[in-house]
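Undergrad: let's see this in three dimensions:
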Amino acid sequence: MTKRDLSGISRRDFLRITQRFGMSSTMLALGGMTGVITLPSLAKAVESAYDKRFAKEARHTLRYGAAGFNARNLLVERNGILEFVRDIEERTDGEIRVEFIGDNQICGQLDCVTKTMEGIVDLYSASTQNSAGGAPYMNVLDYAYVFPSRAAQYYFFYHPDSNKVFREPLEEMHGIKFLFTHCELRGIMLGNNWRDRPLVTSVTELAGTSNRVTGTQLGRLAMEMMNLNPRPIAWEETLDGLRQGLIDGAETWASAVAYANMSPVVSQAVDLRFFCGTEHTAMSSESFDKLGGDLQDAVMESSYLAQIAAQYANEAALVNTVGFSNPQQEGTIFHEHGVRNAFLSPEALREAEEMCSPEFQPAAWEQWRDRINGWSGGLDTYQIIHDVAREIPADMLVENVEPRRWWKS
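TA: Now for the predicted structure:
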């Protein structure tokens with residue numbers, strides 16, 4: 001297993017390179033490097049990427065607000081951004097150039113979507129759950145236990161029905177064109193107070209704990225039904241909340257803990273799988289419409305490639321980089337920081353599902369379900385997503401999900 005070793009490059013030197021050549025060129029160069037990376041080798045690769053990207057004048061320069069992502073942490077959570085930026089510039093022969101703005105410099109998890117709708121940026125990446133505060137239709141992905149597996153999530157986003165029940169209503173309501181996403185399922189990441197406790201085996205063992213929740217209203221509802229006391233805390237403040245013991249845990253997913261340097265203050269990763277963790281990329285519909293037919297086709301094809309890349313690369317990174325596996329690989333982020341994986345049994349997952357899902361607790365979801373169905377134009381959104389997600393076997397591996405061009409299928 002070949003990994004990138006950036007230990008010989010200081011943060012100051014890294015920042016100096018990005019200031020000179022830009023984050024996009026740095027990110028693209030680093031994405032193609034492996035092994036021990038020295039400052040001279042990185043500088044040479046970045047300069048080469050920069051010269052290639054600026055060899056001709058672009059017809060369109062797209063501003064990409066990427067929340068807290070940067071060239072380093074995109075190698076931990078493999079959400080397709082690297083592949084998309086590289087491919088769209090190459091596919092259009094430089095007609096489209098992407099100005100990548102990460103590290104929360106122009107927008108964060110909670111406001112990237114609104115800044116895209118306002119025209120401040122053309123593209124953004126953030127979780128759909130954090131974005132749901134600014135684009136409420138994204139709540140449609142967050143019905144508890146509507147997705148039984150990561151494979152079911154990918155299958156849905158490739159499926160043509162994702163257009164009618166998700167993408168098209170989202171674009172009509174919010175002016176946002178959903179392009180691609182990584183897929184994980186959220187659990188509870190417990191802080192240091194649980195380091196010396198037995199490994200969690202049931203959600204009932206977490207009853208009464210206080211846990212961070214994202215901007216999604218539906219995730220909050222599910223947590224209340226499981227007695228997990230959701231507390232809305234911004235993603236950027238979650239690390240301090242766990243470190244200081246202000247919360248027992250955080251509702252999020254494994255690679256998010258790893259990429260955000262949260263692993264030192266997380267003791268157990270409880271794989272509750274109760275709703276989506278989808279770090280997506282979307283585009284302003286207005287910006288998309290300005291491109292013209294040929295470049296619009298290119299954006300869609302590059303999105304398709306990025307979706308495939310996220311599907312395969314993030315599954316590998318979960319095992320080889322994050323350490324979200326049993327047995328856990330040595331040298332992974334979770335292994336180095338002593339994060340134990342609490343993979344719940346099918347019986348324990350069923351127990352949690354019966355506590356909070358619309359299938360078993362329909363009355364609790366009626367108000368939100370009616371609201372989202374109204375936004376969709378009258379579709380039974382939960383039932384459509386639920387049925388699509390179960391068209392494949394429950395135990396299908398992610399790598400066996402067939403990629404499809406969702407806008408053509």
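Undergrad: what's the mean pLDDT across the longest helix along the chain?
TA: Longest helix of the chain, by residue count under DSSP state H: helix 293-317. On average, the pLDDT along helix 293-317 is 97.
Undergrad: quick one: distance of it to the chain centre.
TA: 14 Å (CA atoms, centre = their mean, to the nearest Å).
Undergrad: list of residues touching that helix?
TA: Under the criterion CB atoms under 8 Å, 6 or more residues apart in numbering, residues 59-60, 75-84, 87-88, 91-92, 95-96, 150, 154, 157-158, 179-184, 255, 281, 283, 288-289, 291, 398-399, 401, 403, 405, 407 lie in contact with helix 293-317. In this view, the C-beta of every residue, glycine as well, is placed from N, C-alpha and C.
Undergrad: give me the buried subset of those residues.
TA: 75-84, 87-88, 91-92, 95-96, 150, 154, 157-158, 179-184, 255, 281, 283, 288, 291, 398, 401 (16 or more other CB atoms under 10 Å).
Undergrad: check contacts around Asp142.
TA: Shown in contact with Asp142 (CB under 8 Å, 6+ apart): Thr128, Gln129, Ala132, Thr216, Gln217, Leu218, Gly219, Ala222, Phe275, Cys276.
Undergrad: between the residues you listed, which is nearest Gly378?
TA: For those, the closest approach to Gly378 (CB to CB) belongs to Leu218, at 19.2 Å.
Undergrad: quick one: that closest one and Tyr143 touch, right?
TA: Yes. At 6.1 Å, Leu218 counts as touching Tyr143 under the criterion of CB atoms under 8 Å.
Undergrad: between the two, which is the more surrounded one?
TA: Between Leu218 and Tyr143, counting by other CB atoms under 10 Å, Tyr143 is the more crowded of the two (28 against 24).
Undergrad: what's the burial count for Leu272?
TA: Other residues lying near Leu272 total 26 when counted by other CB under 10 Å.
Undergrad: got the phi and psi for the nearest residue to it once chain neighbours are set aside?
TA: Nearest in space to Leu272, with sequence neighbours left out and distances taken as CB to CB, 6 or more residues apart in numbering, is Gly187 at 4.1 Å. Dihedral angles of Gly187 (phi, psi; degrees, to the nearest 10) stand at phi -130, psi -160.
Undergrad: thought Gly187 was touching Val270?
TA: Yes. In terms of CB under 8 Å, Gly187 counts as a neighbour of Val270; the distance is 4.8 Å.
Undergrad: so between those two, which is more surrounded?
TA: A side-by-side neighbour count of Gly187 and Val270, using other CB under 10 Å, places Gly187 first with 29 against 25.
Undergrad: that one and Val76, how far apart?
TA: According to CB to CB, to the nearest Å, Gly187 and Val76 sit 17 Å apart.
Undergrad: in the sheet, who's paired with the residue most central in space within the chain?
TA: Centroid-nearest residue in the chain, with CA atoms, centre = their mean: Glu279, separated by 1.7 Å. Legend: beta-bridge partners of Glu279 under DSSP bridges are Ser127.
Undergrad: per-residue confidence for it?
TA: As predicted, Glu279 sits at a pLDDT of 97.
Undergrad: what sits against Asp271?
TA: Shown in contact with Asp271 (CB under 8 Å, 6+ apart): Leu185, Gly187, Ala254, Asn341, Ala342, Phe343, Leu344.
Undergrad: if you set the cut-off to 6 Å instead, what comes out?
TA: Contact analysis of Asp271 by CB atoms under 6 Å, 6 or more residues apart in numbering lists Gly187, Phe343, Leu344.
Undergrad: what does it show for phi and psi?
TA: Dihedral angles (degrees, to the nearest 10) for Asp271: phi -80, psi 70.
Undergrad: tell me which residues form a beta bridge with it?
TA: Bridge pairing for Asp271 (DSSP bridges) gives the partners Phe343.
Undergrad: distance of it from Arg20?
TA: Applying CB to CB, the value for Asp271 to Arg20 is 42 Å.
Undergrad: tell me where the stretch 151-300 of the chain has helices.
TA: In the stretch 151-300 of the chain, the helices defined using DSSP state H, counting those that start in this stretch lie at 161-162, 168-174, 217-225, 235-243, 254-259, 285-289, 293-317.
Undergrad: which of the residues in the longest one are buried?
TA: By 16+ other CB under 10 Å, the buried positions in helix 293-317 come out as 295, 298-300, 302-311, 313-315, 317.
Undergrad: again with the third one
TA: If you call a residue buried by 16+ other CB under 10 Å, then helix 217-225 has these buried ones: Gln217, Leu218, Gly219, Arg220, Leu221, Ala222, Met223, Met225.
Undergrad: with pLDDT as extra columns, can I get these in CSV?
TA: Listed next are the buried residues of helix 217-225 as CSV, based on pLDDT from 0 to 100:
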residue, pLDDT
Gln217, 88
Leu218, 94
Gly219, 91
Arg220, 92
Leu221, 96
Ala222, 97
Met223, 96
Met225, 97
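Undergrad: how is this protein carved up into domains?
TA: What automatic domain parsing lists as the domains of the chain is 4-138+148-183+278-320, 185-276+321-370.
Undergrad: distance to Ala29 for the helices of the stretch 151-300 of the chain - can I get that in a markdown table?
TA: A markdown table is the format used below for the helices of the stretch 151-300 of the chain (distance: least, CB to CB, whole Å):
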| stretch | distance to Ala29 |
| --- | --- |
| helix 161-162 | 33 |
| helix 168-174 | 33 |
| helix 217-225 | 37 |
| helix 235-243 | 27 |
| helix 254-259 | 19 |
| helix 285-289 | 26 |
| helix 293-317 | 17 |
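Undergrad: indicate which one of those is closest to Glu47.
TA: Proximity to Glu47 (CB to CB) singles out helix 293-317 among the helices of the stretch 151-300 of the chain, at 24.3 Å.
Undergrad: next secondary structure after the closest one?
TA: Proceeding N to C from helix 293-317, the next assigned helix or strand is helix 333-337, under DSSP states H and E.
Undergrad: quick one: that next one to chain centroid distance?
TA: Chain-centre distance of helix 333-337: 21 Å, with CA atoms, centre = their mean.
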